[in-house]
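Trainee: After the sequence you'll find the predicted model.
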Amino acid sequence: MKKLILGFAIAMSSLTFAQEKAEKTSSPVRFGIKAGLNVSSVNDDEFKAKAGIYGGVFANIPVASSFSVQPEVLYSGMGAKLEDASDVRLNLDYISVPVMFQYNVLPELYLEAGPQFSFAISKKLKGDGGTLDVDDAIKGFDFGIGLGAGYYIAQGFGVTARFVAGVSDIAEDNNLNDNDDAIRNSVFQVGVAYRF
């Protein structure tokens, strides 16, 4: 719960920063929505990638003529499938708070990088035999680094792509695999965005 409150505090402080920057720059803060497809996995040979969805809101805050900061609050469906049993899925649902630093290569095209703070809201292992809650096996917090790009076509509509590599170990006591290596999330996201 403390980590969820921390995530909302980060998002709110970013939005406060956005309002202050809007008063100091000629370009206003732009708010928007985004959604798309997640292809996620974990770095363990027993698992392979699975599809999910993401969606949420963002604020784009200009800080210079070609630079901006974009905090976001997203729902992100992540996890993986077992390699030997594709009907068995590790479903990890997060509220993610990425803070992306964007550079406009062209007025419509940007590159981005930044941290992502994710807070688990559901951790389940699903298969033909039913659903198993894995709260004791998976940590409630995940930290990652994101790299991406986006292109705004017209009328505020854009397409986006981002890869987020997990930095923190999501397994409690490394009990998800046999070799005691850290288990990390990774996700490739592709989707659409709309700026108001």
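Mentor: Sure, I can see it.
Trainee: where exactly do the helices run in this structure?
Mentor: 2-24 (DSSP state H).
Trainee: residue closest to the middle of it?
Mentor: The residue lying closest to the centre of the chain (CA atoms, centre = their mean) is S96, at 5.0 Å.
Trainee: That one reaches Q116, doesn't it?
Mentor: Yes - assessed by CB atoms under 8 Å, S96 is found in contact with Q116 at 5.6 Å. In this view, the C-beta of every residue, glycine as well, is placed from N, C-alpha and C.
Trainee: Bridged to Y103, which residues?
Mentor: Note on Y103: beta-bridge partners by DSSP bridges are F67, L111.
Trainee: residues in contact with it?
Mentor: S66, F67, Y110, L111, E112 (CB atoms under 8 Å, 6 or more residues apart in numbering).
Trainee: any idea how far N104 is from the second one?
Mentor: Meaning F67. Computed as CB to CB, to the nearest Å, the F67 to N104 distance reads 7 Å.
Trainee: what do you get for the first one?
Mentor: Computed as CB to CB, the S66 to N104 distance reads 5 Å.
Trainee: more crowded one of the two?
Mentor: Between S66 and N104, counted using other CB atoms under 10 Å, the more crowded position is N104 (17 against 13).
Trainee: right, and the more buried one touches S68 too?
Mentor: Yes - in this structure, N104 is within contact of S68 by CB under 8 Å, at 7.5 Å.
Trainee: can you tell me which residues contact I121?
Mentor: Contacts of I121 (CB under 8 Å, 6+ apart): D93, Y94, I95.
Trainee: Which single one of these is nearest to E72?
Mentor: Among the contacts of I121, I95 lies closest to E72 (CB to CB), at 10.7 Å.
Trainee: which residues does the closest residue to that closest one other than its chain neighbours bridge with?
Mentor: Of all residues not flanking I95 in the chain, F119 sits nearest, at 5.0 Å (CB to CB, 6 or more residues apart in numbering). F119 forms beta bridges with I95, F141, as assigned by DSSP bridges.
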